[in-house]
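Visitor: A structural model of the following input is requested.
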Amino acid sequence: MELKSKLKELRMAHNMTQEAVADRLDVSSQTVSKWERGLLSPDISLLPKIALLFKCSIDSLFDMELVWSIEHRKEFGEKLHALHERKDWDGVYQAWIREIELNPDHYGNYADVMLHVYRKKLYDKDRVEKMLSLAEHAEKCCTDDDKRNEIYRIMLQLCSESNDPAIREKGKYYYKKLPSLRHSREVYAKFVMEGEKYRAQVLKNIPCIVDLAEWSIRQLILPEMPPEEKLFYYQKAAALWETVTDGKYAGFYDPPLLSDYAEIAKIYVQLGQADRAEEYIDRILAALERHMTESGKENKSKIMCSAAPGNSVPLEQICKKLLQYMISAPELAAFKDKVTALQNRYEEYAAQTRGEANENYIFFDSRSFADGHAVRFMRRHARSPAGH
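Guide: Numbering: from 1, shown residues only. You can find the predicted model right below:
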């Protein structure tokens with residue numbers, strides 16, 4: 001990357017205007033503009049200030065690491081190997097720190113030294129505080145999400161080992177910084193919670209994990225696929241929800257399974273297997289019958305039936321849309337009468353619950369039943385502890 005592009009990239013990564021950079025370097029904004037357009041190069045005396053401002057090495061401004069990095073990394077690797085052979089863990093730590101000081105913008109090194117401190121249990125105050133300062137710097141300056149989240153992940157585990165309450169609290173901070181699904185924050189809840197609080201969090205996480213897996217399988221379904229192949233994927237998607245709901249009342253976790261059943265029923269009709277289609281229609285109707293009876297609601301799914309999130313669409317509204325979709329689907333015309341009969345009773349039930357304090361809510365996205373796709377039910381509320 002040319003110097004002009006590098007300067008612009010660093011400025012934007014730090015959310016700075018040309019005027020702000022000019023003010024910090026004691027030059028005019030026109031000068032900074034010319035640097036970024038390649039009309040002018042910074043004076044050599046300004047390079048240390050630029051590197052300090054953007055918290056990077058001077059070499060990185062010119063991509064000099066491309067010239068010497070291969071040989072340097074080879075020598076550094078040999079040095080680390082020798083230190084490991086001698087079990088000189090402090091020597092390994094010091095080597096990593098010197099490497100970071102030499103290349104402060106190589107954030108992969110930050111994760112490596114943090115992992116070394118964690119694995120070798122080098123938990124003395126000075127080292128832990130040094131790791132905290134590196135993590136703070138990376139949070140402010142690292143623009144690579146994957147590297148930054150790897151640092152958060154390791155720091156979460158490292159801080160959880162401390163006897164210092166303030167440092168343990170920092171572990172909770174890094175836990176909250178991790179994205180929920182992409183980096184599987186759920187598996188790290190054990191580092192910041194315990195007892196019933198941890199168990200409750202695990203129960204909240206399960207729907208989120210199952211939801212992502214089911215959604216991923218449905219993404220494999222293509223319009224041009226033969227019906228048999230579509231059926232295979234829909235049944236695998238439904239099987240995920242069947243495992244955790246166990247055929248019992250799951251409240252606002254029922255609709256995603258029922259929407260999969262509706263698609264399976266349609267495919268069986270297309271394949272000329274009306275009896276199999278009716279089996280899935282009956283499963284849907286039986287689940288909705290449970291919604292309308294107190295005894296049915298009492299037989300709850302042990303894993304999936306938990307408090308619903310706020311700011312979402314009522315369960316009854318989603319189920320009504322599902323019934324309307326089934327009635328209007330040409331493939332399900334043979335079952336229209338029995339679906340309509342239940343719809344009428346469900347409408348009455350929904351009217352009775354309208355306006356009452358009701359926790360049965362569910363998220364859904366923009367895909368509608370009308371265009372032939374069941375509504376996608378997104379429950380990202382299970383990402384983190386209550387209140388976050």
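
Visitor: my guess is E99 contacts Y110, does it?
Guide: No. At 10.1 Å, E99 and Y110 do not qualify as touching, with contact defined as C-beta atoms under 8 Å. For glycine as for every other residue, the C-beta is placed from the backbone atoms N, C-alpha and C.

Visitor: mind checking which of the two has more residues around it?
Guide: For E99 against Y110, the residue with the higher neighbour count under other C-beta atoms under 10 Å is Y110, and the figures read 24 against 19.

Visitor: put the alpha carbons of whichever strand or helix holds that one into PDB.
Guide: Assessed by DSSP states H and E, Y110 sits inside helix 107-119. Backbone C-alpha positions of helix 107-119 (Å, rounded to 0.1, in the frame of the first residue of the first chain) are rendered in PDB as follows:
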ATOM      1  CA  TYR A 107      -2.400  -7.100  16.900                       C
ATOM      2  CA  GLY A 108      -2.100 -10.900  16.300                       C
ATOM      3  CA  ASN A 109       1.000 -10.700  18.600                       C
ATOM      4  CA  TYR A 110      -1.200  -9.200  21.400                       C
ATOM      5  CA  ALA A 111      -3.400 -12.300  21.400                       C
ATOM      6  CA  ASP A 112      -0.300 -14.600  21.400                       C
ATOM      7  CA  VAL A 113       1.300 -13.000  24.500                       C
ATOM      8  CA  MET A 114      -2.100 -12.900  26.300                       C
ATOM      9  CA  LEU A 115      -2.600 -16.600  25.600                       C
ATOM     10  CA  HIS A 116       0.900 -17.300  26.900                       C
ATOM     11  CA  VAL A 117       0.200 -15.500  30.100                       C
ATOM     12  CA  TYR A 118      -3.100 -17.400  30.500                       C
ATOM     13  CA  ARG A 119      -1.800 -20.800  29.700                       C
END
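
Visitor: show me what that helix is packed up against.
Guide: The criterion is 3 or more C-beta pairs under 8 Å, 6 or more residues apart in numbering; DSSP states H and E, and the helices and strands that helix 107-119 contacts are helix 89-102, helix 125-141, helix 145-160.

Visitor: could you dump the ones you listed to CSV with distance to E9?
Guide: Rendered in CSV, the data for those read as follows (distance: least, C-beta to C-beta, whole Å):
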stretch, distance to E9
helix 89-102, 21
helix 125-141, 12
helix 145-160, 16
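
Visitor: out of the ones you listed, flag the one nearest A239.
Guide: helix 145-160 (30.7 Å; C-beta to C-beta).

Visitor: and that closest one, which residues are buried?
Guide: Neighbour-count burial for helix 145-160 flags 147-160 (criterion: 16 or more other C-beta atoms under 10 Å).

Visitor: same thing with stretch 185-193?
Guide: For stretch 185-193, the buried set under the neighbour-count rule, 16+ other C-beta under 10 Å, comprises R185, E186, Y188, A189, F191, V192, M193.

Visitor: so which of these sits lowest on pLDDT?
Guide: Among the buried residues of stretch 185-193, E186 carries the weakest pLDDT, at 70.

Visitor: quick check, P223 in a helix?
Guide: No. Following the definition DSSP: H, G, I helix; E, B strand; the rest coil, P223 is coil and is not counted among the residues of a helix.
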